[in-house]
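*Asks:* All I have is the shape, not the residue letters:
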């Protein structure tokens, strides 16, 4: 997760669609009809010059992802190593069941698990006990959980038995076979080299998206530095705070932590400070872009909004615009489309250099 979550691109749509009803007639949903020139004095914006890192694919990352994708498709019958014993450094696929006094304990069993021998992923003696085991062989490992074992205090210091079956050994990067790739079901990808190119294209798409985000963030930073702001209406700011509050609460709940734990870990501040700081940044950004939209004739009128909603619903696979709008508001989309349109306008005129 990026720490620059409050950057322009990172919050452009994801948080704005979480907005609830405002407490005043002036909220983020009224942005298109606000007299935004009262709150911002635009600096020059047609001669922006920013520098960002180019979109690149790290070769080591490409090979790492290639192997991970390949290994997920390996089976004992196709590509798996079954004709030699397990060695330290191998990654194996295994089934195991742990028992204490003959009774299976919670969290001690798995089917088709992946384990790197020598990684230290299991308690002492587990991985060591599998060195020399042949694929297809089942062994019992008499082990003792360490004192102070935190994952399950009831097992700390206790003697247990793990019954383990080694299914097969995963091949390394030098032993990849076209037959495994051919069974993946990826269109026009039947060989290892075609899979390598496929992974490259995936990573380049991601790199280009990150590059675009970086450009937009840099342009937004330059725009803000050149412009002067007056205090925004309190109700308007509150509507953005509500957006960020809902976003933080949702993400924190999804990670089984409190909002304060989430923001302290990622941003070094409590959730109230985070919401207050970044909600105002987002509000200023959108007021600034709306001012440019008004000046350059880039505002989204109702007809264009309807057209863009139809196109966006299709892109997102929604059955209809009505389905797309469930749980959100069309005015939030108007803001999103406006910011996107203005940023395209600015990017066309900016001088963008690569670091």
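*Replies:* Alright, I've got the coordinates. If you're wondering where the values come from, they're calculated on a predicted model, not measured in any experiment.
*Asks:* can you pull the contacts of the nearest residue to residue 82 once chain neighbours are set aside?
*Replies:* Nearest non-adjacent residue to residue 82, counting by Cβ to Cβ, 6 or more residues apart in numbering: residue 135, 4.2 Å away. Every residue, glycine included, has its C-beta placed from N, CA and C. By Cβ atoms under 8 Å, 6 or more residues apart in numbering, the contact set of residue 135 is 76, 80-83, 86, 92, 166-169.
*Asks:* could you measure the residue located most distally from the centre of the chain against residue 124, distance?
*Replies:* Using Cα atoms, centre = their mean, the residue of the chain lying farthest from its centre is residue 101. It sits 43.1 Å away. According to Cβ to Cβ, to the nearest Å, residue 101 and residue 124 sit 20 Å apart.
*Asks:* so residue 63 sits right up against residue 173, yeah?
*Replies:* Yes: between residue 63 and residue 173 a contact is recorded at 6.3 Å, counting by Cβ atoms under 8 Å.
*Asks:* Against residue 120, how distant is the nearest residue to residue 159 once chain neighbours are set aside?
*Replies:* Leaving out its chain neighbours, the residue that sits closest to residue 159 by Cβ to Cβ, 6+ apart is residue 144, at 5.2 Å. Going from residue 144 to residue 120 by Cβ to Cβ gives 16 Å.
*Asks:* would you list every one of the strands in the protein?
*Replies:* 40-41, 49-52, 91-100, 103-116, 138-144, 159-169, 228-229, 351-354 (DSSP state E).
*Asks:* do you know how far the residue nearest to residue 82 is from residue 83?
*Replies:* Per Cβ to Cβ, residue 135 is found 8 Å from residue 83.
*Asks:* what's near enough to touch residue 108?
*Replies:* 96-99, 160, 162.
*Asks:* just the helices in the stretch 101-250 of the chain please.
*Replies:* Along the stretch 101-250 of the chain, the stretches classed as helices by DSSP state H, counting those that start in this stretch are 178-182, 192-226, 234-254.
*Asks:* Out of these, which is closest to residue 113?
*Replies:* Evaluated with Cβ to Cβ, the helices of the stretch 101-250 of the chain place helix 178-182 nearest to residue 113, the distance being 19.8 Å.
*Asks:* Contact partners for the nearest residue to residue 136 once chain neighbours are set aside?
*Replies:* Nearest residue to residue 136 in three dimensions, chain neighbours excluded: residue 82, at 6.7 Å (Cβ to Cβ, 6+ apart). With contact set as Cβ under 8 Å, 6+ apart, residue 82 has these partners: 76, 135-136, 168-169.
*Asks:* And for residue 159?
*Replies:* Residue 159 sits next to 100, 142-144 when contact means Cβ under 8 Å, 6+ apart.
*Asks:* Flag every buried residue along stretch 168-179.
*Replies:* Neighbour-count burial for stretch 168-179 flags 168-171, 176 (criterion: 16 or more other Cβ atoms under 10 Å).
*Asks:* right, I mislabeled it, should have said stretch 183-203
*Replies:* In terms of neighbour count (16+ other Cβ under 10 Å), stretch 183-203 has its buried residues at 189, 192, 195-196, 198-199, 203.
*Asks:* And stretch 51-64, by the same measure?
*Replies:* In stretch 51-64, the ones that count as buried by 16+ other Cβ under 10 Å are 52, 55, 57, 62.
*Asks:* ok, what's across the strand from residue 352?
*Replies:* residue 50 (DSSP bridges).
*Asks:* tally of neighbours for it?
*Replies:* 15 (other Cβ atoms under 10 Å).
*Asks:* unless I'm mixing things up, it is touching residue 215, no?
*Replies:* Yes: taking Cβ under 8 Å as the definition, residue 352 is a contact partner of residue 215 at 5.8 Å.
*Asks:* who touches both of the two?
*Replies:* What both residue 352 and residue 215 touch, as defined by Cβ under 8 Å, 6+ apart, is the set 50, 52.
*Asks:* Show me what residue 98 bridges to in the sheet.
*Replies:* residue 162.
*Asks:* Let me see the contact set for it.
*Replies:* So residue 98 contacts 104-105, 108-109, 160-163 (Cβ under 8 Å, 6+ apart).
*Asks:* ok, and the most crowded of those?
*Replies:* That'd be residue 162 among the contacts of residue 98, by other Cβ under 10 Å, with 21 neighbours.
*Asks:* With adjacent residues omitted, what lies nearest to residue 331?
*Replies:* Nearest one to residue 331, counting by Cβ to Cβ, 6+ apart, is residue 29 at 3.8 Å.
*Asks:* Restricted to buried residues, select the contacts of residue 135 in PyMOL.
*Replies:* Buried members of the contacts of residue 135, defined by 16+ other Cβ under 10 Å, are picked up in PyMOL with:
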select buried, resi 80+81+86+92+166+167+168+169
